[in-house]
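Asks: Please work out how this folds:
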Amino acid sequence: MKINSVNKINQAYKPKTNFSARGKVKKSEKDGLMLSSIAKDVQIAKTALKKVPDVRMDKIEPIQKRIESGTYNIDAKAVATKMMRSGFDYKG
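Replies: Model (predicted):
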């Protein structure tokens, strides 16, 4: 297979020039990237979330201790009621 348009591809990556009305050549500005304020806020939020642990040990440790000591009791009826209510309230 022969590729004849290699020069055309290479030209696409060369700096582009614009001709002014008087025939002088002006160099184009380089490509740039501008982020909106929302995009910047999203970046800040993502960075902050990376610093937060996935597991909240302050919530887990007391429950874990109660389970190990045998004092952690769950009201099964209350759990079932909440599960049923959340299942029927779901409108997805």
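
Asks: Residue 72: what's its closest spatial neighbour, skipping adjacent residues?
Replies: residue 66 (3.7 Å; Cβ to Cβ, 6 or more residues apart in numbering). Where C-beta positions appear, they are placed from N, C-alpha and C, glycine not excepted.

Asks: Please look at that neighbour and residue 60 and confirm they touch.
Replies: No: in this structure, residue 66 is not within contact of residue 60 by Cβ atoms under 8 Å, at 11.0 Å.

Asks: Okay, now the unreliable bits of the protein?
Replies: For the chain, applying pLDDT under 70 flags the ranges 1-29, 89-92.

Asks: which residues in it form helices?
Replies: Remark: helices assigned in the chain by DSSP state H are 6-12, 37-51, 57-69, 76-89.

Asks: what's next to stretch 33-41, contact-wise?
Replies: Residues from elsewhere that reach stretch 33-41, judged by Cβ atoms under 8 Å, 6 or more residues apart in numbering: residue 43.

Asks: Ignore what I typed, I meant stretch 60-67.
Replies: Applying Cβ under 8 Å, 6+ apart, the contact partners of stretch 60-67 are residue 72.

Asks: Keeping just the C-alphas, turn that stretch into PDB.
Replies: Written as PDB, here are the backbone C-alpha positions of stretch 60-67 (Å, rounded to 0.1, in the frame of the first residue of the first chain):
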ATOM      1  CA  ILE A  60     -17.500   1.700  61.800                       C
ATOM      2  CA  GLU A  61     -15.400   1.300  64.900                       C
ATOM      3  CA  PRO A  62     -18.200   1.800  67.500                       C
ATOM      4  CA  ILE A  63     -20.500  -0.600  65.700                       C
ATOM      5  CA  GLN A  64     -17.700  -3.100  65.200                       C
ATOM      6  CA  LYS A  65     -17.000  -3.100  68.900                       C
ATOM      7  CA  ARG A  66     -20.700  -3.600  69.700                       C
ATOM      8  CA  ILE A  67     -20.800  -6.600  67.300                       C
END
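
Asks: Stretch 49-66: end-to-end distance?
Replies: Using Cα to Cα, to the nearest Å, the end-to-end distance of stretch 49-66 comes to 30 Å.
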